[in-house]
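J.: got a predicted structure here, sequence first:
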Number of protein chains: 2
Amino acid sequence: MPEHEEQLEPLVTEIPPKAADLSAWYTAVTLKAELVSYSPVRGCVVLRPYGFALWENLQKALDQRFKATGHENAYFPLLIPEHLLVKEAEHVEGFAPEVAWVTQGGQERLNERLAIRPTSEVIIGVMYAKWIQSHRDLPVLINQWANVLRWEKATRPFLRTMEFLWQEGHTAHATAAEAREETLRMLDIYREVAEDVVGVPVYTGAKSPSERFPGAVETFSIEALMPDGKALQSGTSHDLGQNFSKAYDIKFADVDQSVKYVYTTSWGMSWRMLGGMIMTHGDDRGLRIPPALAPIEAVIVPIVKGNDTAPLAHAQELARDLRAAFRVRVDDRDYTPGWKFSEWEMRGVPVRIEIGPRDIQMESVTLVRRDKSKGEAGAKLSVLRSDLARRLRSELDHIQRAMHAQAKAFLESHTFATRDRSKFFELCESRAGMIDIPFCNRAECEANVKQRTSATTRVLRELGEPGAVCVACGEPAIVQAYFAQTY
Amino acid sequence: MPEHEEQLEPLVTEIPPKAADLSAWYTAVTLKAELVSYSPVRGCVVLRPYGFALWENLQKALDQRFKATGHENAYFPLLIPEHLLVKEAEHVEGFAPEVAWVTQGGQERLNERLAIRPTSEVIIGVMYAKWIQSHRDLPVLINQWANVLRWEKATRPFLRTMEFLWQEGHTAHATAAEAREETLRMLDIYREVAEDVVGVPVYTGAKSPSERFPGAVETFSIEALMPDGKALQSGTSHDLGQNFSKAYDIKFADVDQSVKYVYTTSWGMSWRMLGGMIMTHGDDRGLRIPPALAPIEAVIVPIVKGNDTAPLAHAQELARDLRAAFRVRVDDRDYTPGWKFSEWEMRGVPVRIEIGPRDIQMESVTLVRRDKSKGEAGAKLSVLRSDLARRLRSELDHIQRAMHAQAKAFLESHTFATRDRSKFFELCESRAGMIDIPFCNRAECEANVKQRTSATTRVLRELGEPGAVCVACGEPAIVQAYFAQTY
């Protein structure tokens, strides 16, 4: 048994229990782990270095996949003149209430208001109309990493803030089929990143008409389930058909010289995904970050007694050896080991490596897995130093898979298929999780469910059983739908 | 002699000669090479994929160096409430005329105007006041990648636009000496990136008081010299002393428990550096991009005659082999080889690899260096395929160094030290380059030179010769100064 079992200090007591009040737990953890700070700017948070490092890792995972599928990055203006914003009717109606307006520049009062982008379909559509002339110019596959702003009342770090960071892909295609294919390709990249990198299992599918992006022909999304039974929409991919190309006059001469409107798509994932990660994986000790996303995969804590400098020297040597292949950090601060253990557990580092006098003697280290409970089998391991790199890799891989599996078990055990109407309403109202029913896909029926229970459709998929009736209203069902309350 | 000499088509004639009108050349090249597009938003350009890829490579070069020197990235709000902006008197005076103001959010008229950040000292200072309590919290070493906005009349892609992309570092330290050390460390990183990555030689030094950043104790900058004899300020690093910590109340308890104001720094480089790269290296055929910054290091052009598919297949095989170590692209588009040669030359790709039937037969390729003139020794080489990776690496290294050396020779041959007053004014007025004189460092004298010649001090350094007099006014000199007209 390793030597340094004792020194756990009560740093974690400052976090309220997760099960009792997810919202209080969430706020405490995001602040205490120094992911974010509230700012003096209404509705806006600061992403602190540890939080930004999470975002950088999510960015890398997405950006690689975007580039591997032929997309390139670009950057479009922040400000959008009002006369351009208003051309796509549904789009402006959807976004106008959320827009912040610039009306003064320097000493000058502007003749026309400028919107801070709530999303960039408009300005990108205007540019695509200039760039695209011929079928040879298609497809256009562009992504933008940007800040956007939507005038919101509530502020919840990552989940809902006025300004947020995201990526928005915008593509143009010659045919409806290609645009649809692109929309689904990007949806699948979101699914893959959510599951394999963030460790958050999701349901995917189309949105009902009332949940669609303003101006889209079809919206697809990935939906995760949070511990409080509410769904979190974590990435959306829109088939915009010719709605924007007609509004912004994006045309091309086809092979046969006939002039046609292009088909466009847009798709976005924001730092909200990190909010889903925090809620999905965290526990009463704080964050648990999946290794693929972790700013620090392993923290090395020297167990120093008195003036013994050997543990720190060994810790630094370990770090040098591991650095080429792992994101590691030596905690050489002037705190007790116990304090450090608590802090790095709270901050969610997947693996802690302890090295003390006895470890040095044994040519080993003690490896502690953050994903396991204390005392659980495999939570604490003595590993030979000669075997450390190999073992660390395999433990990190296990942790990544174990966290996903645990979240998946939760999602599955909180997904309820029912054919009973009153049971359906009860499940929706009690926020039981994802409620799976045959559904008529009528706005009226959906509005009725929402009014009674606050639940809405999350994603739709093909009806499993032909001839089924809508569990919510008894009319003929045409799709299978997950209902849930939502963030 | 390689086989495909002939097919150069007159694509390049659409670019005006560089020497005749640098400004017209610059605009034509940035647009034609698809680095940028003008947008319908006043003062704003779109950074197109090829331009954004340049920015990504510059970002990587900087970001690596920031991280290697202990800095972390973070993200702060875009909008700054007016009452916060006005606390540091010089700062607000300097920036107020350039600020865009948000006065409406959704349907709501705001009680207080919100500035779109022209730079982030203010909002970051407010946060540092919350985060920093003790000497243990210092230093704080944070960088932000962000868009900023300054209300400008003129629009010149990269050089001057209303919105631009940049990084801004903001650090806090316990002592004045550490803050100064940081300021100079970051200046040196800018110098290194400008010279080694962008291939643009610079002079470095302090700014005169009238050229300082509003609110700084001392501003340092790197200054490049453009072909028209105007200097381009390409990166600045500011020692802010305690000006911002006093305005925003950023204090810490020192080791002895006494409470002190911190010392802060800030430093920034923007996409303007890319404007310097374009003007420095370009020629009448278009862009010349140094390999370290090039989105495509080598473009592979198959020389196809008739229906022969072998060249394309071989080109793709080459690309597969090279891709692990180089940024390569196969141009498989349906254009003539000559058209492709012109286009990729215009877009500045450092090396072109041609592969045609005779190359295939000889198991070789033809390698063409963009940095050399046509017909110049070493501009065109036949290279065995078995030796290609090694040779490409060495040619790219040579190109990187040759481009820097060429630019350095220009800077040196356009730097004039003079002790003659009328010669000095003549050099300044004729935009001869960097004019190096002993200088009194009085605002009055500098204003006089500016009024007569439009030239200003660029950077100051230690006086070489004690007892020298100011060449501009005859008063005692206290520094050595470069004067130049400027962008």
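T.: Thanks, I have the structure now.

J.: show me what the helix or strand harbouring residue A:395 is packed up against.
T.: For residue A:395, the host element (DSSP states H and E) is helix A:388-413. Helix A:388-413 sits against strand A:218-225, helix A:272-281, helix A:310-322, strand A:351-355, strand A:364-369, strand A:380-384, with contacts defined as 3 or more Cβ pairs under 8 Å, 6 or more residues apart in numbering or on different chains; DSSP states H and E. All C-beta spots, glycine's among them, are computed from the backbone N, C-alpha and C.

J.: mind listing what's buried in the second one?
T.: Residues of helix A:272-281 classed as buried by neighbour count (16 or more other Cβ atoms under 10 Å in any protein chain shown): A:272-281.

J.: avg pLDDT for it?
T.: Averaged across helix A:272-281, the pLDDT comes to 98.

J.: do the same with the fifth one
T.: In this model, strand A:364-369 has a mean pLDDT of 97.

J.: that strand pairs with which strands, parallel or anti?
T.: If you go by DSSP bridges, strand A:364-369 pairs up with strand A:351-355 (antiparallel), strand A:380-384 (antiparallel).

J.: tell me the most buried of those strands?
T.: strand A:351-355 (a mean of 24; mean count of other Cβ atoms under 10 Å in any protein chain shown).

J.: re the thing from before, dump the helices and strands packed on helix A:388-413 into TSV; add distance to residue A:168 as well.
T.: Shown next, in TSV, are the helices and strands packed on helix A:388-413 (distance: least, Cβ to Cβ, whole Å):
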stretch	distance to residue A:168
strand A:218-225	14
helix A:272-281	13
helix A:310-322	37
strand A:351-355	35
strand A:364-369	37
strand A:380-384	44
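
J.: and which of the buried residues of helix A:272-281 is nearest to chain B?
T.: When the buried residues of helix A:272-281 are compared for distance to chain B (Cβ to the nearest Cβ), residue A:274 wins out at 12.3 Å.

J.: so the closest one makes contact with residue A:58?
T.: Yes - counting by Cβ atoms under 8 Å, residue A:58 is a contact partner of residue A:274 at 6.6 Å.

J.: shared neighbours, those two?
T.: Counting by Cβ atoms under 8 Å, 6 or more residues apart in numbering or on different chains, the shared contacts of residue A:274 and residue A:58 are residue A:198.

J.: just the buried residues of stretch A:81-94, please?
T.: By 16+ other Cβ under 10 Å, the buried positions in stretch A:81-94 come out as A:81, A:84-85, A:87-88, A:91-92, A:94.

J.: same thing with stretch A:321-334?
T.: By neighbour count on 16+ other Cβ under 10 Å, the buried set for stretch A:321-334 is A:322, A:326-331.

J.: and those residues as TSV, adding secondary structure?
T.: Output for these, formatted as TSV (DSSP: H, G, I helix; E, B strand; the rest coil):
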residue	secondary structure
A:322	helix
A:326	coil
A:327	coil
A:328	strand
A:329	strand
A:330	strand
A:331	coil
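
J.: next, give me the two most distant ones among those residues.
T.: Largest separation among these by Cβ to Cβ: A:326 and A:331, giving 15.1 Å.

J.: coming back round to it: which other helices and strands does the helix or strand just after the helix holding residue A:395 contact?
T.: Once the chain leaves helix A:388-413, the next helix or strand it forms, by DSSP H and E, is strand A:415-417. Here strand A:415-417 touches strand A:434-439, going by 3+ Cβ pairs under 8 Å, 6+ apart.

J.: ok so, going back, would you turn the strands paired with strand A:364-369 into JSON lines with mean pLDDT?
T.: Converted to JSON lines, the strands paired with strand A:364-369 look like this (pLDDT from 0 to 100):
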{"stretch": "strand A:351-355", "mean pLDDT": "98"}
{"stretch": "strand A:380-384", "mean pLDDT": "96"}
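
J.: and those strands: which comes nearest residue B:445?
T.: Nearest of the strands paired with strand A:364-369 to residue B:445, taken as Cβ to Cβ: strand A:351-355 at 62.3 Å.

J.: output the contacting helices and strands for the very next helix or strand once past the closest one.
T.: Per DSSP H and E, the first helix or strand lying C-terminal to strand A:351-355 is helix A:357-362. For helix A:357-362, the packing partners by 3+ Cβ pairs under 8 Å, 6+ apart come out as helix A:310-322.

J.: does chain B have contacts with the helix it packs on?
T.: No - residues of helix A:310-322 are not located near chain B by Cβ under 8 Å from any Cβ of the partner chain, the shortest gap being 14.9 Å.

J.: which residues does the residue lying farthest from the centre of chain A contact?
T.: Most distant residue from the mean C-alpha position of chain A: residue A:307, 45.2 Å away (Cα atoms, centre = their mean). By Cβ under 8 Å, 6+ apart, the contact list for residue A:307 is empty.

J.: please apply the same query to the one 3 residues further on.
T.: Listed by Cβ under 8 Å, 6+ apart, the contact partners of residue A:310 are A:357, A:360.

J.: from chain B, how far off is it?
T.: For residue A:310, the distance to chain B (Cβ to the nearest Cβ, to the nearest Å) stands at 25 Å.

J.: before we move on, back to that, now distance to residue A:392 too, for the strands paired with strand A:364-369, in TSV please.
T.: Putting the strands paired with strand A:364-369 into TSV (distance: least, Cβ to Cβ, whole Å) gives the following:
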stretch	distance to residue A:392
strand A:351-355	7
strand A:380-384	8
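
J.: of all the ones you listed, which one is nearest residue B:152?
T.: Within those, the stretch nearest residue B:152 is strand A:351-355; the backing value is 50.2 Å (Cβ to Cβ).

J.: now that closest one against helix A:310-322, angle please.
T.: On the basis of axes from the mean of the first three to the mean of the last three Cα atoms, to 10 degrees, strand A:351-355 is oriented at 130 degrees to helix A:310-322.

J.: strand A:351-355 vs helix A:388-413, what angle?
T.: Orientation note: strand A:351-355 sits at an angle of 150 degrees relative to helix A:388-413 (the same axes, to 10 degrees).

J.: thought residue A:44 was touching residue B:80?
T.: No - the pair residue A:44 / residue B:80 is not scored as a contact, 10.0 Å apart, by Cβ under 8 Å.

J.: of the two, give the one with the bigger neighbour count.
T.: Using other Cβ atoms under 10 Å in any protein chain shown, the more surrounded residue of residue A:44 and residue B:80 is residue B:80, with 27 against 22.

J.: quick check, that one in a strand?
T.: Yes - judged by three-state DSSP, residue B:80 forms part of a strand.

J.: where does the residue nearest to it when sequence neighbours are not counted fall, secondary structure wise?
T.: With Cβ to Cβ, 6 or more residues apart in numbering or on different chains as the criterion, residue B:80 has its nearest non-adjacent residue at 4.6 Å, and that residue is residue B:115. If you go by DSSP H and E, residue B:115 is part of strand B:108-116.
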